[in-house]
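Engineer: Give me a model of this one.
(one chain, ligands or ions: 2)
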Amino acid sequence: MLLMERLDDLLVEWLPRQRWFAGKDRRIDGISVVSDTELVEGDPSLHHVIIAVHQGESTDRYQVPLGVRSELPGRLKYAVIGQLGNGSCVYDAVHDPQLTRVWLENMAGNVDVGPLTFRSITGIDPGLPSFASPAEQSNTSLIYGDAYICKLFRRLTPGINPDLEVSIGLARAGSKHVPELYGWFSSDLGGTLSTLAMMSEFLRSGTDGWQLAGTSVRDLYAEADLRADEVGGDFAAEAERLGAATADVHRDLAAAFGTGEMTPAEIRAVADRMHTRLCETCEVVPQLTPYAGRLTDAFDALAELDEPLLVQRVHGDYHLGQVMRTDSGWMLLDFEGEPAKSLEERRAPAHPLRDVAGMLRSFDYAARHLLINGQTFRGDRDQLEYRAQEWADRNRSAFCRGYAEAGGIDPAAHEVILRAFEFDKAVYEVMYEARNRPSWLPIPLGSIAALSVRPESGYLAS
Ligand SMILES: Nc1ncnc2c1ncn2[C@@H]1O[C@H](COP(=O)(O)OP(=O)(O)O)[C@@H](O)[C@H]1O
Ligand SMILES: O=P(O)(O)O[C@H]1O[C@H](CO)[C@@H](O[C@H]2O[C@H](CO)[C@@H](O)[C@H](O)[C@H]2O)[C@H](O)[C@H]1O
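Structural biologist: Ligands and ions are numbered 1, 2, ... in the order given. Predicted structure coming up:
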């Protein structure tokens, strides 16, 4: 058992500096160890630790694999958490390939160690070295060789993780737009077998949509007088193909998990939740308040729909960082849903245009993110903002066209639904940015300002 004096103090100081720690906006009142399984003995040792972090009314559980060495080599200094009472160093084990190899070996061997169960569903090479992915993400991924990527879920929820659940479902449905699943590991959490990590094919030929879109936007801003359709890096054809891939995955999700109907009363409940989120966000970010009236109108218009809506399992947190363009087309990743929602909400069937709206938001982000933080490009500010909107609109339309032509519900024919979902997502982003990246807050606020003055009808095309 690793829990020695000072560990909790060290974690209180270290956790808020981690990208994946979801409680950065609240004080940590205390930390307790839920489980501690020694996976590698000796020096270094690997402790698979699950902690409970107490913050006010809430307690969240996190997975924190810890390495312990009597002396920390220079190459691991950046991963240090601190010094334990007995003088040894404790550090974030994901950065130590000497330790992380054990997860791969254990999955390959389908072994159980204490409460941990390691499983693979295909033959995997247990000998590949790992490094921690530098990607901007909510969890931590390890890349083994250039063959596998193993995502360690940081904040844990009892039960099967939706990302794993959906990957299994889509594999069974024969989807060609998701990486092949290779294995996972789980542990008992409060009496329920719960996913700790999943390992899939590493898409070595892939580039994520956020980077590709960013390159296109940079190309545009570098050419002072050209329009989005005139520069070399035009993204519209890719956006259209991405729309088509999204429709394919929605069809496969419907086949794997079934479809249902949302009654008008349930639609009103969805609109109510959007309204609640708006009120909560206005309290934290008062700059949103001037738009509250127009946002409320959009949510009310959704609440007034009197036809049932077809619902199904969806992605739930869809954006350009969740898709990769590979040599065989677009691949979709990370079916975990919005990290702030409960597991039940994340697994609940929803309208497929929720994902479409998520991706539309991402085109806005891609266009606007280079205009914050004092980045300088040719052209005056107003002109750049105009061109950003033009780029976003061109790609938003192309994505919707691709989606509809591949058999998805035509977004242009369901603007009331799309508008409500897009505004709700933008409100979510306002809170997300306020908590995680305050310097990015102008992005969703700017989008809300621009979109909320568009007419209800034709709001996509304008
Ligand atoms: N199968 C994969 N192959 C290659 N890179 C991947 C793969 N899965 C994820 N990535 C990279 O890791 C990033 C984060 O992955 P994601 O699943 O969204 O993590 P998180 O849920 O922690 O945010 C992606 O944007 C992508 O760049
Ligand atoms: O970490 P996740 O991918 O699960 O999602 C969370 O973080 C995302 C940022 O990394 C955040 O996405 C927002 O920023 C993106 C650009 O960085 C942009 O493309 C998205 O449209 C925007 O929503 C996501 O909302 C959050 O849940």
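Engineer: pLDDT score for the residue nearest to residue 313 when sequence neighbours are not counted?
Structural biologist: Computed as CB to CB, 6 or more residues apart in numbering, the closest residue to residue 313 that is not its neighbour in sequence is residue 257, at 4.0 Å. C-betas here are computed from N, CA, C, even on glycine. Per-residue pLDDT puts residue 257 at 97.
Engineer: SS state for the residue in the stretch 51-200 of the chain positioned nearest to ligand 2?
Structural biologist: The nearest approach of the stretch 51-200 of the chain to ligand 2 comes at residue 138, 3.4 Å away (CB to the nearest ligand atom). Following DSSP: H, G, I helix; E, B strand; the rest coil, we place residue 138 in the coil state.
Engineer: The one 4 residues further on too?
Structural biologist: Using three-state DSSP, the secondary structure recorded for residue 142 is strand.
Engineer: Which positions in this protein make contact with ligand 1?
Structural biologist: 133, 135, 137-139, 141, 149, 151, 179, 200-203, 206, 208, 321-322, 333-334, 336 (CB under 6 Å from any ligand atom).
Engineer: from what I can see residue 180 touches residue 202, true?
Structural biologist: No - between residue 180 and residue 202 there is no contact under CB atoms under 8 Å: 10.0 Å.
Engineer: burial count for the residue of the stretch 51-200 of the chain closest to ligand 2?
Structural biologist: Neighbours of residue 138 under the rule other CB atoms under 10 Å: 17.
Engineer: and if you look at residue 449?
Structural biologist: 14.
Engineer: my read: it touches residue 294, true?
Structural biologist: No - in this structure, residue 449 is not within contact of residue 294 by CB under 8 Å, at 9.6 Å.
Engineer: Could you check which of residue 180 and residue 202 has the larger neighbour count?
Structural biologist: Between residue 180 and residue 202, counted using other CB under 10 Å, the more crowded position is residue 202 (20 against 12).
Engineer: quick one: contacts for that one?
Structural biologist: 143, 144, 145, 146, 147, 148, 149, 179 (CB atoms under 8 Å, 6 or more residues apart in numbering).
Engineer: Please, a ChimeraX command that selects the buried ones among those residues?
Structural biologist: Per 16 or more other CB atoms under 10 Å, the buried members of the contacts of residue 202 correspond to this ChimeraX selection:
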select :143,144,148,149,179
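Engineer: Find the pair from the contacts of residue 202 with maximum spatial separation.
Structural biologist: 145 and 179 (14.8 Å; CB to CB).
Engineer: Across the sheet, point out what pairs with residue 66.
Structural biologist: Beta bridges link residue 66 to residue 47, residue 92 when assigned by DSSP bridges.
Engineer: scratch that, residue 324 is what I was asking about
Structural biologist: Counting by DSSP bridges, residue 324 forms beta bridges with residue 208, residue 331.
Engineer: List the contacts of stretch 142-152.
Structural biologist: 63, 65, 94, 100, 103-104, 124-125, 128-133, 139-141, 163, 179, 182, 196-204.
Engineer: what's near enough to touch the residue of the stretch 151-300 of the chain found nearest ligand 1?
Structural biologist: Of all residues in the stretch 151-300 of the chain, residue 203 sits closest to ligand 1, at 3.5 Å by CB to the nearest ligand atom. Residue 203 is in contact with 149, 179, 324, 326, 331, counting by CB under 8 Å, 6+ apart.
Engineer: need the longest helix for the chain.
Structural biologist: Criterion DSSP state H: the longest helix present in the chain is helix 381-405.
Engineer: so how far is the next helix-or-strand element following that helix off the chain centroid?
Structural biologist: As assigned by DSSP states H and E, the chain's next helix or strand after helix 381-405 is helix 415-436. Averaging C-alpha positions (CA atoms, centre = their mean, to the nearest Å) puts helix 415-436 14 Å from its chain's average.
Engineer: and helix 415-436 with helix 381-405, angle?
Structural biologist: Here helix 415-436 points in a direction 130 degrees away from that of helix 381-405 (axes from the mean of the first three to the mean of the last three CA atoms, to 10 degrees).
Engineer: Run through the residues of this protein sitting next to ligand 2.
Structural biologist: Within the chain, the positions near ligand 2 by CB under 6 Å from any ligand atom are 136-138, 210, 317, 319-322, 334, 338-339, 361-362, 365, 429, 432.
Engineer: Skip the chain neighbours and tell me the closest residue to residue 199.
Structural biologist: Leaving aside its sequence neighbours, residue 199 sits nearest to residue 150 (CB to CB, 6+ apart; 4.0 Å).
Engineer: do residue 21 as well
Structural biologist: Nearest residue to residue 21 in three dimensions, chain neighbours excluded: residue 15, at 4.7 Å (CB to CB, 6+ apart).
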